[in-house]
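Chemist: What follows is a predicted protein model with its sequence.
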Amino acid sequence: METKKNKKTSLKIIFLLFLAVGIVISFLPFGKFDVWHNAFSFFGLNDFSAVTDKSPFAIHVLEVGKADSIFIESNGKYMLVDGGTSDCGEKIYEYLYRKGVNHLDCVVNTHPDNDHIGGLAYIIKNLEVKKYYRSDFLVNSSYKSDEYIEVQKALKEKNVPEETLRFGKSFNLGNTKIDVVAPIKQSNNSNNNSVVMKLTYGDTSFLLMGDAEKEEEMDIIKSKADISSDFIKIGHHGSNTSTSAPFLNAVNPKYAAISVADDTNHLPKKDILKRLISKNIKTYRTDVNGTLIFMSDGEKISVKTRR
């Protein structure tokens, strides 16, 4: 039988081996961002995010409380949509770090509310960001929060190019086509100026709603844009202001994700959950399921979650 002393010695040896492997890996071409990701892989102790290593496309709905931050990877290209609140930046960065991500091909801020833009300044300061996309809400607006100003400073310091996203814009992330289906017109409500995007990978599709409310949903329906999707990130954290029955019918998804946490608003609202249940939509919540990962091989979608 192994003694306590022998067990301690064995643990010390394992720790030293782990440390040595990490040091050796740090000198290899993939650099420091892959150190711990590859070291964990070496010992078969992969971080949760490693479930997507062999998947050509994945959406990570990060657990950031009643806020939004969504990481997307497609054929080795990376996009971050929103950055949660100001205190979420470091947490998001650490998640990407463990994943081995050392740059972002683009960052999208759906709209400048603190629970979507707050953590982005930290991300921009600490990761290489090749392109920054934003809503047109601030083009003719005097609304400039402290968080927005911090992001603008970070973009200037890092010399990151910016572009405004509006209805009709399309771009690619790896083999994923991204169509911007909103905003269509400017509103005095920042939520109704949310960037709404449909991502298409092979025969699978994903709709990201930001905080779009019923008014913007109706604009999208009237535009005749093809919003039918297998997956929807529910707008405005499951508030009654969003996810109207006509809009949900038009999307007709199989999967839904709600980024939410316990607070005084008691989200998601029961009416929204009933609407999703009535359509047999498999619904996942960050307050219940933790971080949510939706993977696609171009034909089918698989889901992993972790609290």
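Modeler: Received, thanks. Everything numeric in this text was worked out from a predicted model, so none of it was measured.

Chemist: do you know how far A67 is from V129?
Modeler: Computed as C-beta to C-beta, to the nearest Å, the A67 to V129 distance reads 19 Å. The way it works is simple: take the backbone N, C-alpha and C, and place the C-beta from them, glycine included.

Chemist: and the two? which has more neighbours close in?
Modeler: A67 (26 against 22; other C-beta atoms under 10 Å).

Chemist: Which residues are in contact with the more buried one?
Modeler: If you count contacts by C-beta atoms under 8 Å, 6 or more residues apart in numbering, A67 has them with D82, G84, T85, C88, D115, H116, G118, S259, A261.

Chemist: now do I232
Modeler: Shown in contact with I232 (C-beta under 8 Å, 6+ apart): F206, L207, M209, L248, V251, P253, Y255, A256, A257.

Chemist: cutoff 6 Å now
Modeler: Neighbouring residues of I232 by C-beta atoms under 6 Å, 6 or more residues apart in numbering: L207, V251, P253, A256.

Chemist: doesn't the first one fall inside a strand?
Modeler: Yes: L207 forms part of a strand when assessed by DSSP: H, G, I helix; E, B strand; the rest coil.

Chemist: That one contacts M197, doesn't it?
Modeler: No: counting by C-beta atoms under 6 Å, M197 is not a contact partner of L207; they are 7.5 Å apart.

Chemist: how close does I272 get to L165?
Modeler: 26 Å.

Chemist: Helix, strand, or coil at E163?
Modeler: With three-state DSSP as the basis, the three-state label of E163 is strand.

Chemist: Residues in a beta bridge with the closest residue to it other than its chain neighbours, which ones?
Modeler: Of all residues not flanking E163 in the chain, Y133 sits nearest, at 5.4 Å (C-beta to C-beta, 6 or more residues apart in numbering). With DSSP bridges as the criterion, Y133 is bridged to V108, E163.
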